[in-house]
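S.K.: Just to be clear, the model below is a prediction. Sequence and coordinates:
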Amino acid sequence: MNDSKILRIENLSAIYLVREGSIKAAVDINLDMEEGSITAIVGESASGKSTILEAMTRSLPPNGRIIGGNVYYRRNNGDYVNLMEIKEEELRKLRWSEIALVPQAVQNALNPTIRVFDHFVDTVEDHGYNWKIKEIWDKASNLLDMMGLDGDRVLRSFPHELSGGMRQRTLIALSLLFDPRILILDEPTSALDVLTQARLIRVLDEIHSKLKITMIFVTHDLPVAAELADYMGVIYGGNLMERGRTEDVIGDPKHPYTKALVSSLMLVVGSVEKIKPIPGEPPSLLNPPKGCVFHPRCPFKMDRCSKESPPLFKVDEDHYVRCWLYEE
Amino acid sequence: MKNEIVMSLKNVSKVFVKRRFFKKSFPFYALENIDLNVLKGERLSIIGESGSGKTTLARIAAGLDVPTEGAVIWFGEDITKLKSREFRKLRPKVQYIHQNPYASINPSRTIFDVLADPLKRHEDNIESLEERVAELLKSVGIVPPEFFFNKYPRHLSGGGLQRLAIARALIPKPEIILADEIVSMIDMSFRAAIVKLLIELNERTGITIVMISHDIGVARYFSHNGGRIAVMLRGRIVEIGSPESVIGNPMHPYTRSLILASPVADKKLAIMKRELLPKYNIQKEVWESEIMRISGCRYAFFCPFVDDKCWTEKPKLLKVGEDSEHRVACHKAGKLPTWELESVE
């Protein structure tokens, strides 16, 4: 095994059970993360992007089921543990102290009846650490300062006194309390104004370069992912369609879906004439199309695409595409 | 006639009274002395962050809300003074499309009914209702229309629902459509398609469309080639003009910071933008009441170019540059450095 990888997801599949059947939200996902890198998982709503995060931390909702796959996490001593197989108790110890997951719309996760500082105290106590109050205050205040906030003032405040962006950063500071090695963020920038969003991107970039922490985040916003991430995985209909270095995936997309997505972006720079909408509708994950999930919308569709689902083909160093066009 | 004014807001203000916990209440200007003319057949984008008053502006312009002060004029008539009978005659000519298509369409009625009911009300002699509904669905790209007649809104995606909402808004044959954040709730792969649908509608039928958005990129695409963009900040319009002027050569520090804060899918440019942003935006947390208390420019707290005049004197929307329609409300507009992104295209 390659030692620079801190996390390796192999053939991970997960479904949700609903009355009408099963929703295939993650199909055969293969991804790995370099230690100290930032990986973005990009996809539209209901494409299964959050499912990947929830499946790999085993925090799926009650109707979710992991139907296969392994997630190897390399601990500090170099041993790999399979997060899918270890006991729930051991996983609980890893969560937050080594792997922190900041869920979506986290602005609303703070308890409105207690001060921000009490959240830090509660977290320390719940995880069985025996820190002194002064120690917690200093650590929390430092983390908040690092997030670009006035630490001492925020700690004394109630959550309602903070704006949405400040609360978001407070929660991220809280997630960094035990110096985790992996920080997982679900949609960190959704529901934020552009200026607040730009600030959060900057802060995340700064803590990444300061702490050398491995970051994984999910977003529906391709440009945000492009600004922050070193590596990128593009999800469509529960499948990982393309992954690689951000420059390669954005600058030279290979998969027809990624290509279409990049050219449908409405940005503030670049030629307006080149913006091209994508025709068609996204697939239903209840009854996904046979073969490649993108084939009903694909301009390069071949006979084979509607029959067989393509595997991930390697097109370049670190660049993989799930499309028959790249079969050798 | 190109420059016929179909709608105008004259000195419109909307004031809410807000209170801080256990403290004195203060007037909150959701809109402050807005003057805006909407020209016949144009594509006007109104952009701003949350709390800038863009939705309040759209609601007042659509007659859904009344201004605290000022006049709203549709086709030469002040709707705030009209009797309700007369207003109802004008009402169909201005249609409003809501932000959230999941909430604006009745989920218990079939797609056919969603369109058929208003059709029956607004058109007197319909030969074939089915044909008209099919025609409407086709015009917004829901094809094949017959397939969707007996389907329910839940069978459509967010993009499909928004198309249905657009089709429904077209039934009373409006002359003006106000579209409030219509792409913010739908997926990124449909966004461009919905905006394009509006552009095509405007070009084909000459209908006036005002689009409200928080996304500068969406506004740029929507208004390119002949439209205008207005930038709102805390209840005021701070810059207005063609996209080529407002985005190509913005003259208000706030507009510049908005552009610099919008993510682009290019790492090198992203880093350059990130370094430029502090030049136009001081990041700090300021209470709303503090911003409302200053009599000058609403951007003063965040503006690195600020001087005494900015704190005390409210800037007027004045013409700048060669583009005769490009207007900016900033005391410092002429003294800003050359726009760094101008050469990046």
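M.R.: Looks like it arrived, so ask away.
S.K.: Distance check, the closest residue to B:Ile240 other than its chain neighbours against A:Asn11.
M.R.: The shortest distance from B:Ile240 to any non-neighbouring residue, by Cβ to Cβ, 6 or more residues apart in numbering or on different chains, is to B:Ala230 (4.3 Å). In this view, the C-beta of every residue, glycine as well, is placed from N, C-alpha and C. B:Ala230 is 52 Å from A:Asn11, where distance means Cβ to Cβ, to the nearest Å.
S.K.: tell me the contacts of residue 313?
M.R.: If you meant another chain, say so; for now it's chain A. A:320-323, A:326-328 (Cβ atoms under 8 Å, 6 or more residues apart in numbering or on different chains).
S.K.: Sorry, I should have been clearer: chain B.
M.R.: By Cβ under 8 Å, 6+ apart, the neighbours of B:Glu313 are B:295-296, B:331.
S.K.: run the last query once more with 6 Å
M.R.: B:Glu313 sits next to B:Gly296 when contact means Cβ atoms under 6 Å, 6 or more residues apart in numbering or on different chains.
S.K.: circling back to that earlier point, state the distance from the residue nearest to B:Ile240 to A:Val102.
M.R.: Distance from B:Ala230 to A:Val102, by Cβ to Cβ: 36 Å.
S.K.: A:Arg245 now?
M.R.: A:Arg245 is 24 Å from A:Val102, by Cβ to Cβ.
S.K.: Looking at those two, which one has more neighbours?
M.R.: A:Val102 (20 against 17; other Cβ atoms under 10 Å in any protein chain shown).
S.K.: Can you check the pLDDT for the more buried one?
M.R.: pLDDT recorded at A:Val102 is 87.
S.K.: thinking again about what came up before, counting neighbours, go ahead and name the busier of B:Ala230 and A:Asn11.
M.R.: Using other Cβ under 10 Å, the more surrounded residue of B:Ala230 and A:Asn11 is B:Ala230, with 25 against 11.
S.K.: Which elements pack onto the helix or strand harbouring that one?
M.R.: Assigned by DSSP states H and E, B:Ala230 belongs to strand B:228-233. If contacts are counted by 3 or more Cβ pairs under 6 Å, 6 or more residues apart in numbering or on different chains; DSSP states H and E, strand B:228-233 sits against strand B:43-47, strand B:236-241.
S.K.: Go again with 7 Å.
M.R.: strand B:43-47, strand B:236-241, helix B:243-246, helix B:253-261 (3 or more Cβ pairs under 7 Å, 6 or more residues apart in numbering or on different chains; DSSP states H and E).
S.K.: now for the shortest one, which elements pack on it?
M.R.: If I follow you right, that is helix B:243-246. By 3+ Cβ pairs under 7 Å, 6+ apart, helix B:243-246 packs against strand B:228-233.
S.K.: dump the residue contacts of B:Pro92.
M.R.: Contact analysis of B:Pro92 by Cβ atoms under 7 Å, 6 or more residues apart in numbering or on different chains lists B:122, B:172, B:174.
S.K.: 6 Å instead?
M.R.: Here B:Pro92 is in contact with B:Pro172 (Cβ under 6 Å, 6+ apart).
S.K.: Identify each buried residue in stretch B:309-322, please.
M.R.: B:310, B:315, B:317, B:320 (16 or more other Cβ atoms under 10 Å in any protein chain shown).
S.K.: What is the burial count for residue 146?
M.R.: Answering for chain A, as no chain was given. By other Cβ under 10 Å, neighbour count at A:Met146 equals 18.
S.K.: Switch to chain B, please.
M.R.: Neighbours of B:Glu146 (other Cβ under 10 Å): 12.
S.K.: any idea how far B:Val246 is from the closest residue to A:Arg156 other than its chain neighbours?
M.R.: In space, and not counting its chain neighbours, A:Arg156 is closest to A:Arg115: 6.4 Å by Cβ to Cβ, 6+ apart. Between A:Arg115 and B:Val246 the computed distance is 43 Å (Cβ to Cβ).
S.K.: higher neighbour count, those two?
M.R.: B:Val246 (30 against 17).
S.K.: ok, the more buried one touching B:Ile229?
M.R.: Yes. Between B:Val246 and B:Ile229 a contact is recorded at 4.5 Å, counting by Cβ atoms under 6 Å.
S.K.: pLDDT below threshold where in the chain?
M.R.: Looking at chain A here, since you left the chain open. A:1-3, A:107 (pLDDT under 70).
S.K.: looking at chain B here, not the other one
M.R.: For chain B, the ranges with pLDDT under 70 are B:1-2, B:20-21, B:323, B:343-345.
S.K.: In it, spot the helix with the most residues.
M.R.: For chain B, the helix that runs over the most residues, judged by DSSP state H, is helix B:188-205.
S.K.: now the residue nearest to the spatial centre of chain B: how far from chain A?
M.R.: Nearest residue to the geometric centre of chain B (Cα atoms, centre = their mean): B:Ile212, 1.9 Å. Between B:Ile212 and chain A the computed distance is 15 Å (Cβ to the nearest Cβ, to the nearest Å).
S.K.: and that residue, how far is that from B:Lys120?
M.R.: Taking Cβ to Cβ, one finds B:Ile212 at 30 Å from B:Lys120.
S.K.: next one: B:Ile199
M.R.: From B:Ile199 to B:Lys120 the distance is 30 Å (Cβ to Cβ).
S.K.: what about those two, which has more around it?
M.R.: The neighbour comparison of B:Ile199 against B:Lys120 (other Cβ under 10 Å) goes to B:Ile199, with 19 against 13.
S.K.: Roughly how far does that one sit from chain A?
M.R.: 10 Å.
S.K.: hang on, B:Ala230 packs against B:Val238?
M.R.: No. Assessed by Cβ under 6 Å, B:Ala230 is found out of contact with B:Val238, at 8.7 Å.
S.K.: Quick one: end-to-end length of stretch A:309-317, please.
M.R.: 23 Å (Cα to Cα, to the nearest Å).
S.K.: Could you pull out the strands in the chain for me?
M.R.: With no chain named, the answer covers chain A. A:5-18, A:21-34, A:38-43, A:64-74, A:80-82, A:99-102, A:182-186, A:214-219, A:231-236, A:239-245, A:313-316, A:319-321 (DSSP state E).
S.K.: I was after chain B.
M.R.: B:5-19, B:25-39, B:43-47, B:69-74, B:77-78, B:94-97, B:176-180, B:208-213, B:228-233, B:236-241, B:318-319, B:327-328.
S.K.: Now restrict the contacts of A:Phe313 to buried residues only.
M.R.: A:320-323, A:326.
S.K.: May I ask which two of the residues you listed are separated the most?
M.R.: The span of the buried ones among the contacts of A:Phe313, defined through Cβ to Cβ, is set by A:Tyr320 and A:Cys323 at 10.0 Å.
S.K.: Tell me the residue in chain B that is farthest from the middle.
M.R.: B:Glu127 (36.8 Å).
S.K.: Only C-alpha atoms, please: export the longest helix belonging to chain A in CSV.
M.R.: Ranked by number of residues, the top helix in chain A under DSSP H is helix A:194-211. What follows is helix A:194-211, C-alpha atoms only, in CSV (Å, rounded to 0.1, in the frame of the first residue of the first chain):
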residue,chain,number,x,y,z
VAL,A,194,-20.7,35.6,-1.9
LEU,A,195,-18.5,37.8,0.3
THR,A,196,-19.0,35.5,3.3
GLN,A,197,-18.3,32.5,1.0
ALA,A,198,-15.1,34.1,-0.3
ARG,A,199,-14.0,34.6,3.3
LEU,A,200,-14.7,31.1,4.3
ILE,A,201,-12.8,29.7,1.3
ARG,A,202,-9.9,31.9,2.4
VAL,A,203,-10.1,30.7,6.0
LEU,A,204,-10.3,27.0,5.0
ASP,A,205,-7.3,27.5,2.8
GLU,A,206,-5.3,29.2,5.6
ILE,A,207,-6.1,26.5,8.2
HIS,A,208,-5.2,23.9,5.7
SER,A,209,-1.8,25.4,5.0
LYS,A,210,-1.2,26.0,8.7
LEU,A,211,-2.3,22.7,10.1
